[in-house]
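# What follows is a protein structure lacking sequence information:
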């Protein structure tokens, strides 16, 4: 059993309420931070911890905090990104639904460190019932003196507000989120200026993911150095993985990033193996935007080494033979699944979610969906596969925000690793309507060249 | 004429009070949710103009937002809206057959409303319930691990509720 810092108390009955959460040791980090530490000291602890942004990009959180501008007389804001919308990802929902006070604890300490007196949680509109859970927790925190004026006699004032979005994946991008929080369409802004200089209402702003902020309490409690000892290399601390697809035990798991992908999929402590006794065909290990890998490249790297559940190992081999940790949305496909169909649903998703601001993304996502639809439903040509490749390569890197890349990568990886399956669809259009390509050679051991 | 009642106005004021003075436009998304819930589950032009007036912004600032976000309905919808997820992780767990089953059962296609005005079927993209697939959103809550039997029960539950409320 790996060490648990976030979900350790998730199953304590009543942990959602203030009373139980406090009795179990909650809010200690707020006491420690506000009574014994300076804001700078907190930023230093977070830097030492090596905590990387848990939303998907993996940018060091402490470094992000250190960029915030502090012009005289201008309020600063912390915004919690709870717009969790990356297909395969449902970990932030779990944290907020079952451990709302853990998030609030992290938010209060982080707000103190950044000097944010009004902190906003921007939550995806569909998580409507979680808004009530958070608002109830905020009211409890107020009643018990953890929010409001002069918290713990520290002179620090803090309020937390919950803002509901209204259905737009793009608002998970931090500048689109800020636009949305200002009551506008979620069109990402050009950077620079970065939010740390000009964010919400042109004020210095830090936007962090729910899991990132929930990790701040444990980091302050045990210290940055201690936190950094958990895990391996630059993958410090613990990470939540939301596992779904064709596995026996879908759900949210906290891992310490030292376990292998194979253990994560097959051990009873985690996914419990592939459902219905079937074999593993493919996996998207970090949310729908990251490259899909066939079974053989998922469990071992191209060099034949064991692949682990951490930032470095999952990206070993680059996009040619690796993938990414991303948001931790772990999507498993069994031998009966069709990679073309799966890619089609993702292309449709990105077409639906493109904000329409940049033409490569606005037009390209629609073209990719149409071509994939043709291939999937027996009307494709072999040249369509090259055309798809061409389109995705022209979206990538040519848009204001990373949604373009996120739309291009899944298509590119599917063609890169499953080209045979695409060709089979084109060459056997009628058969492809009756059955799937199956496991084919995607789990076969990969030949590892021996270098002298 | 659309107009918030006292309770709704109190909620409106609570929402606006979260933002600094002069930044009341920031309340637009939550206020549109409130308006949609208050005025029949959708946003008519009249409703949007009313929201613009309340927030002291231009009507076009409301229209552009209402048409951007997928949760706002700019056309009337049924009393119960089945928003069924169809993205990758749900597809892997059989969302296609759930959508087809609802279509056949209610005799409507995605985007349509039953003639009695009770049900609207809408296909949606990932709602963050991938581990509990297939799923749908019904009002404020999620219905997860859907099967045909569960769909039958949900339809029955809605019909009963509608009969009680009438």
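Arrived safely, thanks for sending. Predicted model, so just to flag it, every value in this text is computed and none were measured.
# from here on, contacts and neighbour counts on C-alpha atoms
Fine.
# So which residues on chain B come close to chain A?
Proximity of chain B to chain A is confined to B:18, B:23, B:25-30, B:33, B:61, B:64-65, B:68-72, B:86-93, B:125-132, B:137, B:140-141 under the rule C-alpha under 8 Å from any C-alpha of the partner chain.
# What parts of the stretch 351-452 of chain A come near chain B?
residue A:352.
# Show me the shaky parts of the stretch 351-452 of chain A.
A:451-452 (pLDDT under 70).
# gap between the residue nearest to residue A:449 when sequence neighbours are not counted and residue A:264?
Residue nearest to residue A:449 in three dimensions, not counting chain neighbours: residue A:303, with 7.9 Å by C-alpha to C-alpha, 6 or more residues apart in numbering or on different chains. Distance check for residue A:303 against residue A:264: by C-alpha to C-alpha, to the nearest Å, it reads 20 Å.
# Neighbour count: these two, which is higher?
With neighbours defined as other C-alpha atoms under 10 Å in any protein chain shown, residue A:303 and residue A:264 compare such that residue A:264 has more, 20 against 15.
# so who does the more buried one touch?
In this structure, residue A:264 makes contact with A:270-271, A:309, judged by C-alpha atoms under 8 Å, 6 or more residues apart in numbering or on different chains.
# In strands, which of these fall?
Nothing among the contacts of residue A:264 maps onto strands, per DSSP state E.
# Scan the residues you listed and report the most crowded one.
Neighbour tally across the contacts of residue A:264 (other C-alpha under 10 Å): the maximum, 26 neighbours, falls on residue A:309.
# Quick check, it in contact with residue A:258.
Yes - between residue A:309 and residue A:258 there is a contact under C-alpha atoms under 8 Å: 6.6 Å.
# any common contacting residues for these two?
Residues touching both residue A:309 and residue A:258 by C-alpha under 8 Å, 6+ apart: none at all.
# Now do the domain split for the chain, please.
Chain wasn't specified; assuming chain A. What automatic domain parsing lists as the domains of chain A is A:18-229, A:235-334, A:339-434.
# meant chain B, my bad for not saying
Domain assignment of chain B by automatic domain parsing yields the ranges B:6-66, B:80-165.
# Make TSV from these and add mean pLDDT and mean neighbour count to it.
Listed next are those as TSV, based on pLDDT from 0 to 100; neighbours: other C-alpha atoms under 10 Å in any protein chain shown:
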stretch	mean pLDDT	mean neighbour count
domain B:6-66	97	18
domain B:80-165	97	19
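# I'd like those as JSON lines, with distance to residue A:173 appended.
Formatted as JSON lines, the domains of chain B follow (distance: least, C-alpha to C-alpha, whole Å):
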{"stretch": "domain B:6-66", "distance to residue A:173": "17"}
{"stretch": "domain B:80-165", "distance to residue A:173": "16"}
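# and residue A:54, what does it touch?
Residue A:54 sits next to A:209-212, A:239, A:326-327 when contact means C-alpha under 8 Å, 6+ apart.
# repeat that with 6 Å
A:211-212 (C-alpha atoms under 6 Å, 6 or more residues apart in numbering or on different chains).
# what does residue A:85 give?
Neighbour list for residue A:85: residue A:169 [criterion: C-alpha under 6 Å, 6+ apart].
# count of residues packed around residue A:398?
15.
# what about it, which SS state?
For residue A:398, the secondary structure call by DSSP: H, G, I helix; E, B strand; the rest coil comes out as coil.
# Please name the nearest non-neighbouring residue to it.
residue A:360 (6.8 Å).
# Was I right to think that neighbour contacts residue A:395?
Yes - counting by C-alpha atoms under 6 Å, residue A:395 is a contact partner of residue A:360 at 5.1 Å.
# Which of the two has more residues huddled nearby?
Counted by other C-alpha under 10 Å, residue A:360 and residue A:395 do not tie: residue A:395 has more neighbours, with 24 against 19.
# what are the ranges of the helices in chain B?
B:6-16, B:28-38, B:45-55, B:59-66, B:88-92, B:95-106, B:148-165 (DSSP state H).
# Of those, which is nearest residue A:426?
When the helices of chain B are compared by C-alpha to C-alpha, helix B:88-92 sits nearest residue A:426, at 21.3 Å.
# outside of that closest one, which residues touch it?
For helix B:88-92, the surrounding residues in contact (C-alpha under 6 Å, 6+ apart) are A:245, A:342, A:345, B:130, B:133-134.
# For that helix, what is the distance to the chain centroid?
Taking the mean of its C-alpha atoms, helix B:88-92 sits 22 Å from the chain's own mean (C-alpha atoms, centre = their mean, to the nearest Å).
# Where do the strands of the stretch 251-400 of chain A begin and end?
Using DSSP state E, counting those that start in this stretch, the strands of the stretch 251-400 of chain A run over residues A:251-255, A:280-284, A:293-294, A:329-334.
# Among the ones you listed, show me which one is buried the most.
strand A:329-334 (a mean of 27; mean count of other C-alpha atoms under 10 Å in any protein chain shown).
# As a check, name the ranges of all helices in the stretch 201-350 of chain A.
Assigned by DSSP state H, counting those that start in this stretch, the stretch 201-350 of chain A shows helices spanning A:210-214, A:216-222, A:224-229, A:261-266, A:295-299, A:311-314, A:318-321, A:339-353.
# swap in the stretch 351-452 of chain A?
With DSSP H, counting those that start in this stretch as the criterion, the stretch 351-452 of chain A has helices spanning A:359-376, A:382-395, A:403-427, A:429-434.
# Please render those helices as a markdown table that adds distance to residue A:83 to the earlier fields.
Compiled in a markdown table, the helices of the stretch 351-452 of chain A are given as follows (distance: least, C-alpha to C-alpha, whole Å):
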| stretch | distance to residue A:83 |
| --- | --- |
| helix A:359-376 | 21 |
| helix A:382-395 | 24 |
| helix A:403-427 | 14 |
| helix A:429-434 | 37 |
